[in-house]
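Novice: My questions are about this predicted structure, shown below with the sequence.
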Amino acid sequence: MHRKIGVVSRGNSGFARDPALLAWGMNILTIPRPDDWHLHLRDGAMLQGILPESARDFARAIIMPNLVPPVVTGAQAAAYRARILAALPEGAAFEPLMTLYLTETTDPEDVAAAAASGLIKAVKLYPAGATTNSDSGVRDFDKVRPVFEKMAEIGLPLCTHGEVTTPEVDIFDREAVFIETVLDPIRRATPGLRVVMEHLTTKDGVDYVAAQGHDMGATITTHHLIINRNHILVGGIKPHYYCLPVAKREHHRRALIEAATSGNPHFFLGTDSAPHADPAKENACGCAGCFTATNTMPLLAHIFESEGRLDALTAFASENGPRFYGLPVNSTTLSLEKHDTPTSWPAKIETGAGPVTLFDPGFPVYWQVKD
Ligand SMILES: NC(=O)N[C@@H](CC(=O)O)C(=O)O
Ligand SMILES: [Zn+2]
Ligand SMILES: [Zn+2]
């Protein structure tokens, strides 16, 4: 029997700070419906297969533009948005927030027009070669300066895949080096540019972002709160734990946990749920990306509860993101219920583009999204 004891209503995330309620065995948590501020939906049969996994729990998501070919122009973003809406399950209320993929030939006026019409909510910077489908990304940052200046003028956020691609830089150092040699110089050269450091993986990143003003934010993924680099490499290589930026040492994971559960408005949820069909991951040259759309909310409830910070889940998953993007917090809610037995999910989501293995946290999770 599950007793319904505590319900958080919109704008009130404080109830669980009362330790008495947790001690009582509170097992239902209701939060404003969360949003995903970094999501890969792909296209075609993959889109069709995985979109319901995000639309089930999330109200909105920032949609990554790294398709093949990438979503570069406003017209392409409008067409992609229409394909997403057409693939939504009947009755689903899910709003894709579109982005443009920044190239060295991006036209600042096209960006401004797409933003003014409300079509796009951000521009995405991929350093060329940094990650999946980033070949059309930026090599020479001076070439995109006019776009950055236009974005600063109109208040349009820049989302960054924050890793340098310099071959000499160790893959575990690429985020920290990006902050020092790319991100900070861009921000200094373009006052007022709003920037989101996507999928933070290091304490260096957490410390940098926390020290900035409100023109700087950062997303943190579900999987980076759970795995460190040992999970990928110890006891056999685990391709489904391989993503970029690659998970780092345990003390970096701890810094991410502290940031996510702090309530600090700089930090918000971006799952970076990035499906690849299994043959592309279980491969001698496997793709980067973890697929977490299906089980993110129960996993987060588990982590926040383990930290004694269930109360901070609202800020992280439902409030800080909209605040950064200047959007309202969702008026609908999502309830999570803690059960006595572990929740089970399918090991794989079957799609027309092949099976996609769901992220396995490696421990039992008792939280479940209530229908
Ligand atoms: N995160 C990943 O490992 N992969 C993402 C790209 C990205 O977000 O860098 C993907 O598109 O597969
Ligand atoms: Zn990325
Ligand atoms: Zn991503």
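Specialist: Thanks, I have it. Ligands and ions are numbered 1, 2, ... in the order given.
Novice: could you say what helices and strands whichever strand or helix holds residue 302 packs with?
Specialist: Counting by DSSP states H and E, the element that carries residue 302 is helix 296-306. With contacts taken as 3 or more Cβ pairs under 8 Å, 6 or more residues apart in numbering; DSSP states H and E, helix 296-306 sits against helix 250-260, helix 313-314, strand 333-338, strand 367-369. For every residue, glycine as well, the C-beta is placed using N, CA and C.
Novice: swap the cut-off to 7 Å and go again
Specialist: Helices and strands touching helix 296-306, by 3 or more Cβ pairs under 7 Å, 6 or more residues apart in numbering; DSSP states H and E, are helix 313-314, strand 333-338, strand 367-369.
Novice: List the buried residues for it?
Specialist: In terms of neighbour count (16 or more other Cβ atoms under 10 Å), helix 296-306 has its buried residues at 296, 297, 298, 299, 300, 301, 302, 303, 304, 305.
Novice: related to what we said a few turns ago, any chance of TSV for the helices and strands packed on helix 296-306, columns mean pLDDT and distance to residue 60?
Specialist: Shown next, in TSV, are the helices and strands packed on helix 296-306 (pLDDT from 0 to 100; distance: least, Cβ to Cβ, whole Å):
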stretch	mean pLDDT	distance to residue 60
helix 313-314	98	16
strand 333-338	98	13
strand 367-369	98	17
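Novice: can you tell which of these is closest to ligand 1?
Specialist: Closest to ligand 1 of the helices and strands packed on helix 296-306 is helix 313-314 (Cβ to the nearest ligand atom; 22.7 Å).
Novice: how far does that closest one sit from the chain's center?
Specialist: Centroid displacement of helix 313-314 relative to its chain, using Cα atoms, centre = their mean, to the nearest Å, is 15 Å.
Novice: picking that back up, what's the angle from the helix holding residue 302 to strand 333-338?
Specialist: With axes from the mean of the first three to the mean of the last three Cα atoms, to 10 degrees applied, the angle from helix 296-306 to strand 333-338 works out at 60 degrees.
Novice: For the stretch 101-250 of the chain, which residue gets nearest to ligand 2?
Specialist: With Cβ to the ion, the shortest gap between the stretch 101-250 of the chain and ligand 2 falls at residue 161, namely 3.5 Å.
Novice: doesn't residue 129 make contact with that residue?
Specialist: No: the pair residue 161 / residue 129 is not scored as a contact, 10.6 Å apart, by Cβ atoms under 7 Å.
Novice: which of the two has more neighbours?
Specialist: Under the criterion of other Cβ atoms under 10 Å, the comparison of residue 161 against residue 129 puts residue 161 first, with 25 against 12.
Novice: Provide a list of residues in contact with the more buried one.
Specialist: 125, 126, 127, 130, 131, 134, 198 (Cβ atoms under 7 Å, 6 or more residues apart in numbering).
Novice: swap the cut-off to 10 Å and go again
Specialist: Residue 161 sits next to 38, 64, 66, 124-127, 130-132, 134, 137, 175, 178, 197-199, 244-245, 272 when contact means Cβ atoms under 10 Å, 6 or more residues apart in numbering.
Novice: near ligand 1, from the residues you listed?
Specialist: By Cβ under 6 Å from any ligand atom, the members of these lying near ligand 1 are 66, 131, 132, 244, 272.
Novice: okay if I get these as TSV plus distance to residue 209, secondary structure and pLDDT?
Specialist: As requested, those are arranged in TSV below (distance: Cβ to Cβ, whole Å; DSSP: H, G, I helix; E, B strand; the rest coil; pLDDT from 0 to 100):
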residue	distance to residue 209	secondary structure	pLDDT
66	23	coil	97
131	20	coil	89
132	24	coil	87
244	19	coil	98
272	16	coil	98
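Novice: which parts of the stretch 51-200 of the chain sit against ligand 2?
Specialist: Neighbours of ligand 2 within the stretch 51-200 of the chain, by Cβ under 5 Å from the ion: 131, 161.
Novice: Show me the strands in the stretch 51-200 of the chain, by range?
Specialist: Here the stretch 51-200 of the chain has its strands, by DSSP state E, counting those that start in this stretch, at 60-63, 95-101, 120-125, 158-160, 195-197.
Novice: related to what we said a few turns ago, and of the helices and strands packed on helix 296-306, who's closest to ligand 2?
Specialist: It is, among the helices and strands packed on helix 296-306 and with distance given as Cβ to the ion, helix 313-314, at 23.7 Å.
Novice: and the following helix or strand past the closest one, average pLDDT?
Specialist: Using DSSP H and E, the helix or strand that follows helix 313-314 towards the C-terminus is helix 320-325. Across helix 320-325, the average pLDDT comes to 98.
Novice: ok, back up a step: make CSV out of the ones next to ligand 1 among the contacts of residue 161 and add neighbour count.
Specialist: What follows is the ones next to ligand 1 among the contacts of residue 161, written out as CSV (neighbours: other Cβ atoms under 10 Å):
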residue, neighbour count
66, 22
131, 20
132, 19
244, 21
272, 27
